Each structure stands twice: as structure tokens, then as C-alpha cells.
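A.B. asks: quick one, fold the following:
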Amino acid sequence: MFYTYAHVKPDGAIFYIGKGKDRRAWDKHNRNTYWHNIVNKYGYEVKILADGIDEELALLFEIEAIDVYK
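C.D. replies: Below is the predicted model of the structure:
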């Protein structure tokens, strides 16, 4: 099963949206420089947006969430 997640700064601003399974949302490896710069400066919290869905639906939800939250 997959999920769609957001990484959120302490002030509530979403700076990353992704899809994953297992521990991907909490994994700090395989992230880009922008992600690391934000996390090093502010930290982050994980917010699960949709859970227990198949990969195709998780991808569609990720695309939609990116469009909504920019």
C-alpha cells in the first residue's frame, strides 16, 4: 500500500509533496539540495495526506496536491 505525504515547516508551510510506501516520508536520503537546505534551516514535520491507497491513486493524489499547494 502507498500514501501521499507532505513535508511541512514548523510554521505550517508545505515545501514538499511526494508519494511513497514504508518509511519513505521519513527518509532523509535521496533528497535534493533544495530539500536539504530547507530542512537544515527549519526542520520539518511529515503530514500524511492520503494513506492505504494503490500506487496509481497515490501518484494522482500527489499530482493534484502539488497543483493545489504549488
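A.B. asks: next one: the top helix by length along the chain to chain centre, how far?
C.D. replies: In the chain, ranked by residue count with DSSP state H as the criterion, the top helix is helix 55-69. Mean C-alpha position of helix 55-69 versus that of the full chain (CA atoms, centre = their mean, to the nearest Å) differs by 10 Å.
A.B. asks: contacting residues around it?
C.D. replies: 2-4, 6, 14, 17-21, 49-50, 53 (CB atoms under 8 Å, 6 or more residues apart in numbering). The C-beta positions use only the backbone N, C-alpha and C, and glycine is treated the same way.
A.B. asks: what comes up buried for that helix?
C.D. replies: Ala58, Phe61, Glu62, Ala65 (16 or more other CB atoms under 10 Å).
A.B. asks: ok but Val39 is inside a strand, no?
C.D. replies: No. Using DSSP: H, G, I helix; E, B strand; the rest coil, the secondary structure at Val39 is helix, not a strand.
A.B. asks: list the residues that contact it.
C.D. replies: Taking CB under 8 Å, 6+ apart, one finds His7, Lys28, Arg31 in contact with Val39.
A.B. asks: neighbours of the first one, how many?
C.D. replies: Spelled out, that is His7. 21 (other CB atoms under 10 Å).
A.B. asks: from the contact counts, what lies against the helix or strand where it lies?
C.D. replies: Element membership for His7, per DSSP states H and E: strand 2-8. Packing partners of strand 2-8 (3 or more CB pairs under 8 Å, 6 or more residues apart in numbering; DSSP states H and E): strand 14-20, helix 33-42, strand 45-53, helix 55-69.
A.B. asks: pull the CA atoms of the second one into CSV?
C.D. replies: Coordinates of each C-alpha in helix 33-42 appear next as CSV, following Å, rounded to 0.1, in the frame of the first residue of the first chain:
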residue,chain,number,x,y,z
THR,A,33,19.7,20.2,-2.3
TYR,A,34,16.6,22.4,-2.0
TRP,A,35,15.0,19.9,0.4
HIS,A,36,18.2,19.7,2.5
ASN,A,37,18.6,23.4,2.6
ILE,A,38,15.0,23.9,3.9
VAL,A,39,15.4,21.0,6.5
ASN,A,40,18.7,22.3,7.7
LYS,A,41,17.3,25.8,8.3
TYR,A,42,13.8,25.0,9.6
